[in-house]
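> Have a look; sequence and predicted model below, questions after that.
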Amino acid sequence: MTEKRARGPGRVVRARRPAISCAALAEIDRRLLAVLCAHRVVRQDQLARLFPEVPERTLRYRTRRLHDLRLAGRSRPYREYGSASNHHWPTRRADCLMRGDPMPRGGERKQPNPIFLAHATALTELYVTLATRAGEAGLTLQEYRREAEAREPFTHMGKESALAPDAMVILVDQDGRKLEAFVEIDLGTMSHARLRQKADLYAAYTASNAWRESHLFLPALLFLTITDIRAGRFLKALAGMLSHGRGRGRRPFVAGGAGVAWAPHRLLNSSCLADLDGHHGLPLIDVLNAARAPYEEALAYRREREEADDAKRQRLRKHPEEMREFLAEHVHALGPYLRGLGELGERTLGLLLRSTGEPASDERAALAAIARDLGEALPDSRPALSPIPAQPSSARWGYSLSATAPSSPSRSRRSRSATATRHRCSALAIGCATESCSTTRPSPGCRAKPNRTPPAASSSTSGPWHTSNGARRPRGSSCAKLGRWADSLAGRRTSTTSSTGKR
């Protein structure tokens with residue numbers, strides 16, 4: 001702050017600082033403030049790489065102007081050789097200005113200590129490298145979250161914890177697949193106890209399956225430190241935390257480490273990572289794909305099973321003989337559906353399943369009506385559909401896809417029951433309802449209206465609206481065909497029994 005002497009002895013006039021307002025800031029100033037507020041500490045050379053279209057002289061002038069407006073602080077930490085670039089960080093006033101909050105009262109934040117400056121600058125260097133050079137590895141940076149945004153609370157064994165990585169990166173490969181990874185940067189300042197604590201936290205996060213709430217698959221971990229030896233020790237400790245015991249394997253988690261904290265560009269143009277199994281010389285894309293591999297296997301298996309089920313449904317609908325045999329083999333799974341049909345429906349279906357030989361036209365129509373009525377709820381011959389194929393790779397990962405998790409047998413029964421409820425008043429179920437069912441209101445899950453007796457037939461017990469035993473059915477429905485077929489089949493069996501003298 002400059003001071004000017006005015007006229008008169010002993011008078012000092014202090015120069016006023018310019019007022020802070022959004023109108024006084026240019027578009028480049030707002031962009032610079034957005035970067036500073038997002039990454040906390042940014043070097044001058046990093047700003048030059050993030051804004052290649054802006055001359056470096058203009059960037060220096062703009063950052064100096066932000067400093068004069070008390071919107072940014074700067075310092076040049078000590079270096080053994082040469083001179084360090086200016087390190088810029090946002091002030092409290094800049095944070096409030098970018099968030100749209102009132103200007104803060106009280107003092108300004110103090111100058112960050114050298115350790116924080118170095119760690120924050122290393123994180124910013126990783127962001128700048130991924131944002132500007134990820135294409136060298138066939139990747140594109142989609143999202144980069146710092147610690148506050150990447151924090152994920154979870155509960156493990158009744159204890160509440162929170163996973164707070166230094167950063168969370170989401171990259172997209174050339175096929176448009178998202179690859180996620182947690183990032184931890186260690187500049188040699190963390191103690192071994194702190195490193196073991198971090199490893200235990202990631203093991204607890206994996207065991208709790210809390211990642212299912214926020215991610216499609218368990219993201220990988222990138223541990224970047226100053227030496228490969230230090231990275232290997234951390235990975236060894238993490239593997240021990242994830243282990244179930246000697247000879248019993250470990251929880252599925254992918255992690256890679258390397259001593260590239262000061263040179264993150266090596267992640268893109270060299271194979272420098274090591275994994276939990278002690279393998280070295282792995283490229284970044286392989287580690288990220290290994291984390292996504294179980295999800296891809298689960299998706300492929302689910303698509304395979306869905307295609308097989310669809311093909312089986314189509315075959316059953318086109319071949320009435322196979323449909324009849326299939327229903328006869330799995331009639332135990334049709335309990336809720338049969339109860340929804342009523343007494344007449346159960347009797348009709350029983351006669352249909354006990355018939356042999358080539359189905360007649362009315363039987364074909366009945367089987368087609370049943371296939372249309374069941375639709376996707378055709379009984380499954382498998383006990384429980386699992387999205388994980390029984391292959392060594394899946395067994396190695398021990399992975400299950402929450403979004404495609406199979407339903408348990410009880411859930412399958414509830415699903416079939418719900419389907420029967422939905423179709424209770426459909427073309428098949430309405431016709432198979434008895435007298436008592438036709439006079440009651442439909443179930444809550446049914447949208448169809450209850451059957452109403454026509455005025456002309458309200459006092460009659462015969463006619464086209466009644467079967468031979470007096471039960472009503474609507475004219476023209478698919479179940480009317482079932483009812484007529486059941487009556488004719490019962491009549492044929494009665495005549496055959498009387499002629500042969502056998503029941």
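Ah, there it is.

> Name the spans of the stretch 351-500 of the chain whose pLDDT lies under the cut-off.
Scanning the stretch 351-500 of the chain for pLDDT under 70 picks out 376-500.

> do that again at 50, thanks
381-482, 492-500 (pLDDT under 50).

> can you pull out the strands in the protein?
3-5, 12-14, 42-43, 72-75, 87-90, 139-146, 152-156, 159-163, 167-173, 178-185, 220-224, 255-258, 274-275 (DSSP state E).

> I'd like those strands written out as a markdown table, with mean neighbour count added.
In this view, the C-beta of every residue, glycine as well, is placed from N, C-alpha and C. A markdown table is the format used below for the strands of the chain (neighbours: other CB atoms under 10 Å):
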| stretch | mean neighbour count |
| --- | --- |
| strand 3-5 | 9 |
| strand 12-14 | 9 |
| strand 42-43 | 23 |
| strand 72-75 | 18 |
| strand 87-90 | 24 |
| strand 139-146 | 17 |
| strand 152-156 | 15 |
| strand 159-163 | 13 |
| strand 167-173 | 20 |
| strand 178-185 | 22 |
| strand 220-224 | 27 |
| strand 255-258 | 26 |
| strand 274-275 | 20 |
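
> In JSON lines, list the ones you listed along with distance to Thr356 and mean pLDDT.
JSON lines is the format used below for these (distance: least, CB to CB, whole Å; pLDDT from 0 to 100):
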{"stretch": "strand 3-5", "distance to Thr356": "111", "mean pLDDT": "49"}
{"stretch": "strand 12-14", "distance to Thr356": "108", "mean pLDDT": "49"}
{"stretch": "strand 42-43", "distance to Thr356": "82", "mean pLDDT": "96"}
{"stretch": "strand 72-75", "distance to Thr356": "88", "mean pLDDT": "94"}
{"stretch": "strand 87-90", "distance to Thr356": "83", "mean pLDDT": "95"}
{"stretch": "strand 139-146", "distance to Thr356": "62", "mean pLDDT": "96"}
{"stretch": "strand 152-156", "distance to Thr356": "59", "mean pLDDT": "95"}
{"stretch": "strand 159-163", "distance to Thr356": "64", "mean pLDDT": "94"}
{"stretch": "strand 167-173", "distance to Thr356": "58", "mean pLDDT": "97"}
{"stretch": "strand 178-185", "distance to Thr356": "56", "mean pLDDT": "97"}
{"stretch": "strand 220-224", "distance to Thr356": "60", "mean pLDDT": "98"}
{"stretch": "strand 255-258", "distance to Thr356": "62", "mean pLDDT": "97"}
{"stretch": "strand 274-275", "distance to Thr356": "62", "mean pLDDT": "96"}
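
> which one of those strands lies closest to Arg302?
Proximity to Arg302 (CB to CB) singles out strand 178-185 among the strands of the chain, at 18.1 Å.

> contacts for that closest one?
Contacts to strand 178-185, defined as CB atoms under 8 Å, 6 or more residues apart in numbering, come from residues 119, 122-123, 126, 139, 142, 150, 163, 165-173, 198, 202, 215-217, 219-225, 261, 285, 287-289, 291-292.

> Roughly how far does Gly107 sit from Gly73?
13 Å (CB to CB, to the nearest Å).

> ok, now Cys96?
Cys96 is 15 Å from Gly73, by CB to CB.

> got it, and Phe182?
Distance from Phe182 to Gly73, by CB to CB: 29 Å.

> ok, Gln142 - contacts?
Ile170, Leu171, Val172, Lys178.

> That one and Asn269, how far apart?
20 Å.

> same deal with Asp45?
Counting by CB to CB - Asp45 and Asn269 are separated by 19 Å.

> just Glu125 next, same as before
Distance from Glu125 to Asn269, by CB to CB: 15 Å.

> The two: which has the busier surroundings?
Under the criterion of other CB atoms under 10 Å, the comparison of Glu125 against Asn269 puts Glu125 first, with 22 against 12.

> Looks like that one contacts Val42 (just checking).
No: the criterion here is CB atoms under 8 Å, and Glu125 misses it with Val42 at 9.5 Å.

> okay, now the domains of the protein?
Domain assignment for the chain by automatic domain parsing gives 19-103, 130-282, 297-500.

> Dump those to JSON lines, plus distance to Pro114.
Below are those laid out as JSON lines (distance: least, CB to CB, whole Å):
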{"stretch": "domain 19-103", "distance to Pro114": "5"}
{"stretch": "domain 130-282", "distance to Pro114": "10"}
{"stretch": "domain 297-500", "distance to Pro114": "42"}
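
> wait, which of these is closest to Ile115?
Comparing the domains of the chain by CB to CB, domain 130-282 comes nearest, at 5.9 Å.

> Span of the closest one from start to end?
18 Å (CA to CA, to the nearest Å).

> Likewise for stretch 184-203?
Termini of stretch 184-203 sit 15 Å apart (CA to CA).

> In it, which of the residues would be classed as buried?
Residues of stretch 184-203 classed as buried: Glu184, Ile185, Asp186, Met190, Leu195, Arg196, Lys198, Ala199, Asp200, Leu201, Tyr202, Ala203 (neighbour count, 16 or more other CB atoms under 10 Å).

> Can you name the residues that contact the fourth one?
Going back to what we said before, that points to Met190. Lys198.

> again, only using 10 Å
His119, Glu184, Gln197, Lys198, Thr225, Arg230, Phe234 (CB atoms under 10 Å, 6 or more residues apart in numbering).

> Count the residues that sit near the last one.
Yep, that's Phe234 we're talking about. 22.

> I'd say it and Lys198 touch.
Yes: counting by CB atoms under 10 Å, Lys198 is a contact partner of Phe234 at 8.0 Å.

> Overlap in contacts, those two.
Shared contacts of Phe234 and Lys198, counting by CB under 10 Å, 6+ apart, come down to Glu184, Asp186, Met190, Leu221, Phe223.

> what's the most distant pair in the residues you listed?
That would be Met190 and Leu221, which, of the shared contacts of Phe234 and Lys198, are the farthest apart (CB to CB) at 15.0 Å.

> Can you check what pLDDT the model gives Ala308?
pLDDT for Ala308: 89.

> Quick one: closest of the strands of the chain to Ala24.
strand 72-75 (14.1 Å).

> what residues are up against Gly138?
Leu171, Val172, Asp173, Gln174, Asp175, Leu268, Ile285.

> Would you quantify the distance from the first one to Leu179?
In this view, Leu171 and Leu179 are 5 Å apart by CB to CB.

> where do the contact lists of the two overlap?
With CB under 10 Å, 6+ apart, Leu171 and Leu179 have common neighbours Leu139, Gln142, Leu284, Ile285, Leu288.

> Just put those residues in JSON lines and tack on distance to Phe253.
Output for the shared contacts of Leu171 and Leu179, formatted as JSON lines (distance: CB to CB, whole Å):
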{"residue": "Leu139", "distance to Phe253": "21"}
{"residue": "Gln142", "distance to Phe253": "22"}
{"residue": "Leu284", "distance to Phe253": "17"}
{"residue": "Ile285", "distance to Phe253": "18"}
{"residue": "Leu288", "distance to Phe253": "14"}
